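**Q** Quick one, what's the 3D model for this:
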Amino acid sequence: MREHPCEQHSPGHHTDACLTGPCGYCGTSLHTIASGECRSCLRIVCEACDAGYHPDLGPICHPCTQSGTGGGPDPASPPDGQELHRLCVFEVALNCGHLVTLARTGWYPVSVACCNRLGGTILHGVYMPYTSHVDLVNLRSERYEHRPKGTPSDPDRVTDRRPRTDEPYQSPYPGGDAHSGRYPARVGATWNLDGSVPPTAPH
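**A** Take a look at the predicted model:
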């Protein structure tokens, strides 16, 4: 399953091998049947493996539906030498003004490396943008896998980014929750910590 073409590229950048190759689960050729990207595992699957389309969330495949609704591994009794990993897809509203779809191993995030809109730092010629804080979060899918003990968590993957459409909100109480809506509350400058300059990208 790890060798499927959908695992060989960055999320959301499917190639012809993904779109016309085998289904991500049953192996059926996608040349002549309808297919779509599962919102949980992010593989292209055939309509026979599609467990239903939600107009706001998109399709989800049968295996991910089963593992997200009690048909997956038993958390109380992992096999010897194995541990349980929770694989989730979230939709999060960030204080940089973006709404992103995030695939991560684990539970709700508190910050997301999204963009450089809030500024960042330069140290030893390396630019690091500040992460964005999460204002609102919605769980889109959840599934579980047993993996060998000590297996590192997969890095967070932003699979979609778009402007937020809600309006900014400032709490009337000091220290109360606030969010910037579509427009960030601030646009940050880059702080240079040692006078170095990041290398310019080739054109």
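
**Q** low-scoring stretches of this protein, by residue?
**A** 1-4, 9-12, 51-59, 62-78, 178-187, 199-203 (pLDDT under 70).

**Q** Show me the helices in it, by range?
**A** 16-20, 62-68 (DSSP state H).

**Q** buried residues in the shortest one?
**A** Yep, that's helix 16-20 we're talking about. Cys18 (16 or more other CB atoms under 10 Å). In this view, the C-beta of every residue, glycine as well, is placed from N, C-alpha and C.

**Q** what's next to that helix, contact-wise?
**A** Identification of contacts with helix 16-20 by CB atoms under 8 Å, 6 or more residues apart in numbering yields Pro5, Cys6, Gln8, His9, Ser29, Leu30, His31, Ser35, Arg43, Ile44.

**Q** C-alpha coordinates for that helix, PDB please?
**A** Taking Å, rounded to 0.1, in the frame of the first residue of the first chain, the C-alpha atoms of helix 16-20 are listed here in PDB:
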ATOM      1  CA  ASP A  16      -1.100  10.600 -14.500                       C
ATOM      2  CA  ALA A  17       0.100   7.400 -12.700                       C
ATOM      3  CA  CYS A  18      -2.300   8.200  -9.900                       C
ATOM      4  CA  LEU A  19      -5.300   9.200 -12.000                       C
ATOM      5  CA  THR A  20      -5.100   6.400 -14.500                       C
END
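
**Q** Show me the strands in this protein, by range?
**A** 35-37, 44-46, 50-54, 58-61, 82-94, 98-105, 111-112, 120-123, 126-129, 132-148, 157-163, 190-192 (DSSP state E).

**Q** Tell me how far stretch 105-119 lies from the chain's centre.
**A** Offset of stretch 105-119 from its chain centre (CA atoms, centre = their mean, to the nearest Å): 10 Å.

**Q** cool, and stretch 32-39?
**A** 19 Å.

**Q** now swap in stretch 141-150 and tell me
**A** With CA atoms, centre = their mean, you get 16 Å for stretch 141-150.
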